[in-house]
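Asks: Provided below for reference: sequence and predicted model.
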Amino acid sequence: MTRQSPMERYRNIGIIAHIDAGKTTTTERILFYTGKTYRLGSVDDGTTVTDWMEQERERGITIVSAAVSAEWKGYQINLIDTPGHIDFTAEVQRALRVLDGGVVVFDAVQGVEPQSETVWRQADRYGVPRICFVNKMDRVGASFENSVESIRRRLGANPIAIHMPLGSEAAFKGIIDLITNCATVWEDNLGREPREMDIPADMRAEAAERRTQMVEQIAETDDALTLKYLEGEEITVEELKAALRRAVIGGKATAVLCGSSLRNKGVQSLLDAVIDYLPSPAEIPPVKGTHPTSGEEIERPAQDDVPACALVFKIVTDPYVGRLAYIRVYSGKLSQSGMIYNSTKSRRERLGRLLRMYADHREDIDEIRAGDIGAVLGLKDSYTGDTLCDASNPISLENITFPEPVISVAIEPKTMADQDKMSEALHKLSDEDPTFRVRTDEETGQTIISGMGELHLEILVERMLREFRVQARVGKPQVAYRESITRSVPRAECRYIKQTGGRGQYGHVILSLEPGERGSGILYEEKIVGGVIPKEFLSAIEKGVREAAEAGILGGYPVTDVKVTLKDGSFHEVDSSAMAFKMAASMAFKEGVEKGAPALQEPIMKVEVIAPEEFLGDTIGQLNARRGVILGTEMRIGNVQSARAMVPLAEMFGYATDLRSATQGRGVFTMEFDHYAQVPESVAKTLLAY
């Protein structure tokens, strides 16, 4: 089966939101109304299409982003349902990297929540145009106006409300479309037959007022319409839609709609808005990359008849078909059984079967064309972030960057029979998830796994048991500390000399070290002149520095945020070797760190606690007791308060239980990694006193 639709009739979109805003339910309704499913899936009953993993159905949360394809009014919609939990932020990040547009779902009671802010900023970084869907309008305390205002205030966005709710809370029955100036109600239980009607008489005045406000907001984004508006001319529905589409695609505004996915109201209008206001692959600027060898910038337009160029954005180990790579094709087309060049790894790969994905089901296709998203079987050496392209016209696209893991646990197999199975399972899981790391502690010989949070590691260990049948024992969570220097070291020198009868070893390196910017890692540069060290040894010196940085001198934690400069050195005509310079660089770096007043750094989490107002004092007291710095409090809808704070990760273990007991089970919290900061001396002494 090949694709017939022109590129303009394609939409690659993601459903993104805070946990529990209703992303998966909205996706289920989209699949139902587009004819992809014949029954309504429920998150509570574990019958959804996109939450297909056992762990997702048990917990009622999305863990891995699932891709599905559907058709609406002659348009092909490639849809990715992403997780809302911060531990799975990598899933959102890689989806946003390859999508052309996003639907951000908000809970009408809560408005903008912490993870909504995170995904919004990620979408800003990748320049993804988006529309907003205020869901759960049938809930007690739902407020469309407050939700729109929180989008403006907390996200700094320009929301344009193109809907107005018809009824509120339990009486919510439909929407008023302010652009077409008519009402739509959903009367049947399945919401299959929306009925269009005139705006009720008692709501006409308010609808007219809101429409005037909307027209003014849309006109502000377009010079021609501004002129027309100021001159008092009538602006047509087509002009409003076209101007709003340009504003959304240009990032000047975001259209806001409302509905209730669970009650089957408003989803068809959302699908219409996806087609009306979100871009097709043809409207996205040509993808930019660089030539793998020359480094010159190259652009590739989204056309079928230009050299192929695609990005691998996800690897999945499928129990039935093996290793599956999800790809977004930016230009050209990929054909089944053809050859492709991986410019990231400089390897040729054969394309096996090409698939159109439908969550954990699949359908064979002959080719994947420009602007489309699909999956490939048979790629052996391609991983997340790799570029696939035409061998005679190579290009390297920007890789996908992922946050560093902040929490680690030791893991060991229960029996000898599990030993080999465990290493294979860990290898496959780390292929799939770029934020999951596996290493062996050289001192203890333990296998250490690292991830984004306790839930992240818990899910991965469960997957080992269920998918790979590996029984394992897991240690207590450990914080991923780092080490850094607190003062500059102008000179750190090492002369590595070894005489062993025959040819000796000689390497002489002089480095300078200074504290780097927060989050900069190890920055290395060379400032040597006159060939005091031959070129062939320079890469060995950098390697020595970077390897030494993997284990610091205080507690063996990785060294980070240090700028290292190679200033001088010397070599011996006969005895110098790459190994000698690597050793000299490693020893000089360690000496420099010792002189630089090294300090322990710990991950600091951005925490938001939401609880009834009467418990605010207790929750703030708890955060202060955990070395938290309170950033501020804010009144939410009803008598609910939110408190925002920066708290060290080490102090957050067991917090959920304490919060529940302090708030009679009514408090909830979210946390995400923000930055590394120096550990106070008294705490550092306790940590290092083993």
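Replies: Arrived safely, thanks for sending.

Asks: What pLDDT does the model give residue 679?
Replies: pLDDT, residue 679: 92.

Asks: list the contacts for it?
Replies: Residue 679 is in contact with 481, 599, 600, 601, 602, 648, 687, counting by CB atoms under 8 Å, 6 or more residues apart in numbering. C-beta coordinates here come from the backbone N, C-alpha and C atoms, glycine included.

Asks: Using CSV, lay out those residues together with neighbour count, secondary structure and distance to residue 198.
Replies: Formatted as CSV, the contacts of residue 679 follow (neighbours: other CB atoms under 10 Å; DSSP: H, G, I helix; E, B strand; the rest coil; distance: CB to CB, whole Å):
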residue, neighbour count, secondary structure, distance to residue 198
481, 24, coil, 65
599, 19, strand, 69
600, 22, strand, 68
601, 24, strand, 64
602, 24, strand, 62
648, 19, strand, 59
687, 16, helix, 69
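
Asks: Include distance to residue 256 and pLDDT when you put those residues into a markdown table, please.
Replies: As requested, the contacts of residue 679 are exported to a markdown table (distance: CB to CB, whole Å; pLDDT from 0 to 100):
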| residue | distance to residue 256 | pLDDT |
| --- | --- | --- |
| 481 | 43 | 89 |
| 599 | 47 | 91 |
| 600 | 46 | 92 |
| 601 | 41 | 91 |
| 602 | 39 | 90 |
| 648 | 37 | 93 |
| 687 | 48 | 82 |
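
Asks: Can you show me the strands along the stretch 351-500 of the chain?
Replies: Along the stretch 351-500 of the chain, counting by DSSP state E, counting those that start in this stretch, strands occupy 354-358, 361-365, 367-369, 373-377, 387-389, 396-397, 407-413, 437-440, 447-451, 472-474, 478-479, 482-485, 489-498.

Asks: Then the stretch 1-150 of the chain?
Replies: Counting by DSSP E, counting those that start in this stretch, the stretch 1-150 of the chain has these strands, from start to end: 10-17, 66-72, 75-81, 101-107, 130-135.

Asks: Looks like residue 613 contacts residue 642 (just checking).
Replies: No. Residue 613 lies out of contact with residue 642 (CB atoms under 8 Å); the separation is 10.4 Å.

Asks: okay, those two: which has more neighbours?
Replies: The neighbour count for residue 613 versus residue 642, taken as other CB atoms under 10 Å, is higher for residue 642 (21 against 13).

Asks: Which is the succeeding secondary structure element to the helix or strand encompassing that one?
Replies: Using DSSP states H and E, residue 642 maps to strand 640-648. Tracing the chain past strand 640-648, the next element assigned as helix or strand by DSSP H and E is helix 655-662.

Asks: elements contacting that following helix?
Replies: With contacts taken as 3 or more CB pairs under 8 Å, 6 or more residues apart in numbering; DSSP states H and E, helix 655-662 sits against helix 616-625, strand 668-678.

Asks: Report the buried residues of it.
Replies: 655, 659, 662 (16 or more other CB atoms under 10 Å).

Asks: Can you tell me what sits against it?
Replies: Residues from elsewhere that reach helix 655-662, judged by CB under 8 Å, 6+ apart: 609, 611, 615, 618, 619, 622, 626, 667, 668, 669.

Asks: pLDDT check: weakest of those residues?
Replies: For the contacts of helix 655-662, the pLDDT minimum is residue 668, 77.

Asks: My guess is that one contacts residue 607. True?
Replies: No. With contact defined as CB under 8 Å, residue 668 and residue 607 do not form a contacting pair (11.4 Å).

Asks: just to revisit the earlier point, the strand holding residue 642: how far from the chain's middle?
Replies: Remark: strand 640-648 is offset 23 Å from the chain centroid, using CA atoms, centre = their mean, to the nearest Å.

Asks: ok and that strand relative to helix 655-662, angle-wise?
Replies: Angle of strand 640-648 versus helix 655-662, following axes from the mean of the first three to the mean of the last three CA atoms, to 10 degrees, is 140 degrees.

Asks: show me where pLDDT drops low in the protein?
Replies: Along the chain, the parts satisfying pLDDT under 70 run over 1-5, 37-66, 84-89, 319-320, 359-361, 442-444, 500-502, 637-638, 690.

Asks: Centroid-nearest residue for it?
Replies: The centre of the chain sits closest to residue 93, judged by CA atoms, centre = their mean, with a distance of 2.2 Å.

Asks: contacting residues for it?
Replies: Residue 93 sits next to 122, 400, 401, 402 when contact means CB under 8 Å, 6+ apart.

Asks: Mind doing that once more with 6 Å?
Replies: For residue 93, the contact set (CB atoms under 6 Å, 6 or more residues apart in numbering) comprises residue 122.
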